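# Need a 3D model of the following:
(one chain, ligands or ions: 3)
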Amino acid sequence: MSDDSRDHCSTNTHQNVLAELREAIAQAVRDVKDKTPLAQSFTNFVTINLVANAQLAAGGTAAMSFLPDDVIETAKIAGANYINVGTLLPFYKDALPSIAQRLNYLGKPWVLDPVAAGIGKTRTAILQSFKAAPPTVIRANASEVIALANMWGLLDADNASRPAGVESVDEVDAAAQPAKLLAQFLAASAPKHKAAVAVSGKIDLVTDGEHTYRLPGGSAMMAKITGAGCSLGGVTATYLAVAEPLIATLAASLLYDRAAEVAEAESKGPGSFQVAFLDALWNVTAEQVAGSDIVVQ
Ligand SMILES: Nc1ncnc2c1ncn2[C@@H]1O[C@H](COP(=O)(O)OP(=O)(O)O)[C@@H](O)[C@H]1O
Ligand SMILES: Cc1ncsc1CCOP(=O)(O)O
Ligand SMILES: [Mg+2]
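Ligands and ions are numbered 1, 2, ... in the order given. Got it, this is the predicted structure:
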């Protein structure tokens with residue numbers, strides 16, 4: 001076979017894989033609208049309302065819970081779960097590690113948003129405990145992904161993370177390798193060895209540990225409302241209720257990018273942007289989500 005025809009074959013294979021991926025993404029968006037799956041959240045107090053509203057606008061349903069036995073009973077009827085460590089209370093130190101263990105024991109998929117990873121002894125202890133009972137999907141900004149990969153001992157000593165609050169101080173590309181290592185770690189213990197990590201920012205990045213997908217677009221206004229990242233984690237859990245981790249993660253991130261573009265065009269500041277964004281989550285179609293630019297590596 002000549003080099004040219006080999007290149008042609010691999011380009012065709014690549015296009016077929018991407019076409020299958022797009023079909024699965026479109027199906028996930030439709031399934032959420034048709035089946036209204038329940039995704040349960042144990043999330044922070046700042047953005048809890050936007051998380052629930054975004055899940056509803058995407059087509060799912062929401063239930064927020066903090067009492068450990070309530071979380072486990074709700075997990076039994078939910079399609080997926082979401083843990084976000086943005087605002088911590090003292091009892092979380094024991095409650096969250098035990099909830100994570102129980103979810104994994106029951107085989108329940110869950111999404112982690114390690115908000116402000118690297119800040120404080122309690123948050124660090126909680127996030128470290130998840131190494132032994134890992135989530136199915138991690139959704140975070142670049143600094144949080146780097147901090148978590150460091151905390152779990154997946155990076156070299158010279159790859160130290162910089163402490164950050166809830167906002168990232170790193171570019172998405174700086175988290176590409178840490179995200180891949182985290183995804184491989186999650187996949188090793190996940191059902192069917194399927195897991196994914198999403199790094200949000202100007203150009204979002206999604207990886208299943210094997211391939212990396214870059215998703216351009218969205219709006220810088222997303223950084224001007226609180227809860228854009230937290231609610232993306234919640235909507236990722238909504239899709240995880242109907243799709244495998246890579247598809248769920250891509251679908252949620254792409255829906256967010258397309259909806260943010262519509263909202264930017266229709267709003268005149270952060271207040272009207274948030275309202276327009278919820279409307280756009282509702283109105284963006286499965287075809288628009290699945291037809292988005294996806295750069296594969
Ligand atoms: N500069 C930007 N341009 C386009 N989209 C952005 C930008 N910054 C953030 N976003 C979007 O905002 C959402 C939340 O991402 P991010 O702000 O990184 O999370 P967090 O709020 O957890 O730090 C994602 O959908 C991401 O694509
Ligand atoms: C401001 C703040 N403080 C603790 S949690 C939180 C919300 C963070 O939301 P996001 O990470 O989606 O911007
Ligand atoms: Mg965040």
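# Can you tell me how far residue 285 is from ligand 1?
To ligand 1, residue 285 is 18 Å away according to Cβ to the nearest ligand atom, to the nearest Å. C-beta here means a position set from N, CA and C on the backbone, and glycine is covered the same way.
# got a list of what that residue touches?
By Cβ atoms under 8 Å, 6 or more residues apart in numbering, the contact set of residue 285 is residue 29.
# Need the pLDDT of the residue in the chain positioned nearest to ligand 1.
For the chain and ligand 1, the shortest gap (Cβ to the nearest ligand atom) falls at residue 229, measuring 2.0 Å. Looking at residue 229, its pLDDT reads 98.
# Over to residue 161?
In this model, residue 161 is scored at 67, pLDDT.
# Could you do residue 151 as well?
Turning to residue 151, the model gives it a pLDDT of 95.
# Residue 10 too?
Model confidence at residue 10 (pLDDT) stands at 64.
# Specify the beta-bridge partners of residue 207.
residue 197, residue 212 (DSSP bridges).
# tell me the contacts of it?
176, 179-180, 183, 196-197, 213.
# Name the helix or strand for the residue of the chain closest to ligand 1, please.
Remark: residue 229 resides in helix 228-240, with elements defined by DSSP states H and E.
# which secondary structure elements does that helix contact?
helix 3-35, strand 38-42, helix 48-58, strand 80-84, strand 110-113, strand 137-141, strand 196-200, helix 245-266 (3 or more Cβ pairs under 8 Å, 6 or more residues apart in numbering; DSSP states H and E).
# burial of the residue of the stretch 1-150 of the chain found nearest ligand 2, as a residue count?
Going by Cβ to the nearest ligand atom, ligand 2 is nearest to residue 86 of the stretch 1-150 of the chain, at 2.8 Å. The burial count assigned to residue 86 is 21, neighbours taken as other Cβ atoms under 10 Å.
# And for it, nearest residue in space, chain neighbours not counted?
Nearest residue to residue 86 in three dimensions, chain neighbours excluded: residue 44, at 2.9 Å (Cβ to Cβ, 6 or more residues apart in numbering).
# and the one you found, how far is that from residue 51?
Between residue 44 and residue 51 the distance is 9 Å, computed by Cβ to Cβ, to the nearest Å.
# okay, and the common contacts of these two?
Joint contacts of residue 44 and residue 51 (Cβ under 8 Å, 6+ apart) are 84, 230.
# mind listing what the residue in the stretch 101-250 of the chain that ligand 3 sits nearest to touches?
Closest approach between the stretch 101-250 of the chain and ligand 3, counting by Cβ to the ion: residue 229, at 3.1 Å. Taking Cβ under 8 Å, 6+ apart, we find residue 229 in contact with 113, 115, 139-141, 166, 200.
# how about these in JSON lines, adding distance to residue 224 and pLDDT?
As requested, those are exported to JSON lines (distance: Cβ to Cβ, whole Å; pLDDT from 0 to 100):
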{"residue": "113", "distance to residue 224": "19", "pLDDT": "98"}
{"residue": "115", "distance to residue 224": "18", "pLDDT": "97"}
{"residue": "139", "distance to residue 224": "20", "pLDDT": "98"}
{"residue": "140", "distance to residue 224": "19", "pLDDT": "98"}
{"residue": "141", "distance to residue 224": "15", "pLDDT": "96"}
{"residue": "166", "distance to residue 224": "14", "pLDDT": "86"}
{"residue": "200", "distance to residue 224": "14", "pLDDT": "98"}
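# If you rank those by neighbours, which is first?
residue 113 (33 neighbours).
# Just confirm the residue nearest to residue 86 contacts residue 83, I think it does.
No: between residue 44 and residue 83 there is no contact under Cβ atoms under 8 Å: 10.3 Å.
# Compare those two (neighbour count), which wins?
Legend: neighbour count by other Cβ under 10 Å for residue 44 and residue 83, higher for residue 83 (24 against 20).
# Near ligand 1, list only the ones from the contacts of residue 229.
Counting by Cβ under 6 Å from any ligand atom, 141, 200 from the contacts of residue 229 sit close to ligand 1.
# For the contacts of residue 229, give me CSV that also has distance to ligand 2.
Output for these, formatted as CSV (distance: Cβ to the nearest ligand atom, whole Å):
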residue, distance to ligand 2
113, 7
115, 5
139, 10
140, 9
141, 7
166, 4
200, 9
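# Max pairwise distance over the contacts of residue 229: which two?
Spanning the widest gap among those are 139 and 166, at 13.6 Å by Cβ to Cβ.
# before we move on, what SS does the closest residue to residue 267 other than its chain neighbours have?
In space, and not counting its chain neighbours, residue 267 is closest to residue 273: 4.0 Å by Cβ to Cβ, 6+ apart. The three-state label given to residue 273 by DSSP: H, G, I helix; E, B strand; the rest coil is helix.
# Sweet, I'm off.
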